[in-house]
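S.K.: sharing a model prediction with you, sequence too.
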Amino acid sequence: MPELPEVEVVRLGLESHVVGRTVRSVEVLHPRAVRRHDLGGLDLIGQLRGQRISSARRRGKYLWLVMEPGDFATVVHLGMSGQMLVQPPSAPDEKHLRIRARLDDGTDLRFVDQRTFGGWALAPIVTVDGTEVPEPVAHIARDPIDPLFDAESVVNVLRGKHTDIKRALLDQTVLSGVGNIYADEALWRAKIHGNRIAETLTRPALRRLLTAVHAVMGEALAQGGTSFDALYVNVNGQSGYFDRSLDAYGQEGLPCSRCGAPIRREKFMNRSSFSCPTCQPRPRHVRG
């Protein structure tokens, strides 16, 4: 699942290539790609035709295109494998092309999705805490690179959570944009095991952790995100390379770059967590 840096890379590409363009036509090539739009594909096509794209925005892992005059947006769910590609009309159709929007400059905005977990939907814009977001995103917390992100407020929320700190980091209503990869990386940097109970961590430790989240996301964004396969790409089809800089995630058995101990892998919510057994000792309540 793409996390904040990967989605922000896509947003930046859309901002450069499609903002200011007008949608001339739309083709829905797979019904699952519009299943979140309750009124169906024909309605989505009709509403988008002739609309001008005024901005490309994001909160956490959520991405949307605001349509003029700003009262509704095209919410893009990337799912597990969704791609937003800007292509010349002469480019061959991708094997898993699901939606094509032809723009007024002749280019295509294409939604490609191998696993068909993603899609497009239209949604009204609402105002939450002074910021305009699509209605389906209204419950999502600000993310760590949002200029209005309030780290101290998040510390207060985490101090009231009787749950593992990694689970709390993944809760998109606490802070958004953090997934398995960047949670492990931030926890490694902060020297905190993911099974520590959030409410037992000191305020300085939680501040250190949020600083690490912000730093690792900024570094990942600068490198185009993390791409383990050809599915995670920018609008030009290029992969990021932050996977070469990972210190914990996916590094099982390799030496910790800080102390040299082999990175361990542990089960976590049908996934895996990666940590250093020396720098991030397990809390006593965890069996292992």
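M.R.: Perfect, thanks for sending it.
S.K.: rest of the way, CA atoms for contacts and neighbours
M.R.: Will do.
S.K.: and the pLDDT for Arg32?
M.R.: The model reports Arg32 with a pLDDT of 97.
S.K.: which residue ranges form the strands in the stretch 151-288 of the chain?
M.R.: 264-268, 271-275 (DSSP state E, counting those that start in this stretch).
S.K.: note down every partner strand of the first one and its orientation.
M.R.: Partner strands for strand 264-268, per DSSP bridges, with pairing direction: strand 271-275 (antiparallel).
S.K.: buried ones in the strand it pairs with, by neighbour count?
M.R.: Ser273, Phe274, Ser275 (16 or more other C-alpha atoms under 10 Å).
S.K.: closest to Arg52 out of the residues you listed?
M.R.: Ser273 (43.2 Å; C-alpha to C-alpha).
S.K.: skipping adjacent residues, who's closest to the closest one in space?
M.R.: In this structure, Ser273 finds its nearest non-sequential neighbour in Glu266, 5.2 Å apart by C-alpha to C-alpha, 6 or more residues apart in numbering.
S.K.: from what I can see that neighbour touches Ser272, true?
M.R.: Yes: between Glu266 and Ser272 there is a contact under C-alpha atoms under 8 Å: 5.5 Å.
S.K.: low-confidence stretches in the stretch 151-288 of the chain?
M.R.: Where the stretch 151-288 of the chain drops to pLDDT under 70, the residues are 226-242, 244, 285-288.
S.K.: 90 - rerun?
M.R.: Scanning the stretch 151-288 of the chain for pLDDT under 90 picks out 219-245, 269-271, 284-288.
S.K.: which stretches in it count as helices?
M.R.: 151-159, 165-170, 180-190, 203-222 (DSSP state H, counting those that start in this stretch).
S.K.: Val7 should be in a strand, yeah?
M.R.: No: assignment of Val7 by DSSP: H, G, I helix; E, B strand; the rest coil gives helix, placing it outside any strand.
S.K.: since that was my last question, I'll sign off now.
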